[in-house]
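Q: model this:
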Amino acid sequence: MAKRISHDLTYDAPIEDVRAMLLDEEFRRTVATEQRALRSTVDIQGTTVHLETVQPANGIPSFAKKFVGDEIVIDQRETWTGDQADVHVTIPGKPGDMKGTATLKSVDGGTVETVDLEIKVSIPLVGGKIEGLIGEMLVKALKAENRAGRAWLAR
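A: Below is the predicted model of the structure:
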């Protein structure tokens, strides 16, 4: 069981500016605020990004809430090489993860960041439902990141 999500984030800026933004700790803190994180930590060393954000579990269906509790800790690691990153996201202590890539591409003078992740939750019977729920939450988080990025680059 696994669910694949692919989402494009578009920016009116060259790849170099978008890459620099994605490797900026202050930008990543801005994204956490835009995503309404309760708490977050950001550590960027060169081209390696480590984010830990804590999101409220508000609005999560009861069948999923019993697995995650009142808060969801999200541990995200990105390793950038040129215009692509390997992405690995876990919820510590929970059975599942997300793995994939983020890729930057020049399009019509701007940049498109394509995030392509496979979501896997190893819980019998409800794993597929939880994967779908995580997929929906991921798309909302990426849309918030895109809003924050567009504002950041327009400054």
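
Q: okay, CA-based contacts and neighbour counts for the rest of this
A: Noted.

Q: I'd like to know the beta-bridge partner residues of the closest residue in space to Ser40 that isn't next to it in sequence.
A: Once flanking residues are discounted, Ser40 sits nearest to Thr53: 4.2 Å by Cα to Cα, 6 or more residues apart in numbering. Using DSSP bridges, the bridge partners assigned to Thr53 are Ser40, Ile74.

Q: Tally up the residues packed near Tyr11, please.
A: 23 (other Cα atoms under 10 Å).

Q: swap that for Pro95, please
A: 13.

Q: Can you give me every residue that contacts it?
A: 121-123 (Cα atoms under 8 Å, 6 or more residues apart in numbering).

Q: got it, and Gly100?
A: So Gly100 contacts 86-88, 115-118 (Cα under 8 Å, 6+ apart).

Q: ok, of these, which one's closest to Gly149?
A: Val115 (14.4 Å; Cα to Cα).

Q: if we can go back for a sec, if any of the contacts of Pro95 are buried, put those into a ChimeraX selection.
A: Burial among the contacts of Pro95 is assessed by 16 or more other Cα atoms under 10 Å; the matching ChimeraX selection reads:
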select :121,122,123
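
Q: Which positions within the lowest-mean-pLDDT helix or strand in the chain qualify as buried?
A: Sorting the helices and strands of the chain by mean pLDDT, DSSP states H and E puts helix 62-68 at the bottom, at a mean of 73. Buried residues in helix 62-68, counting neighbours by 16+ other Cα under 10 Å, are found at 64-65, 68.
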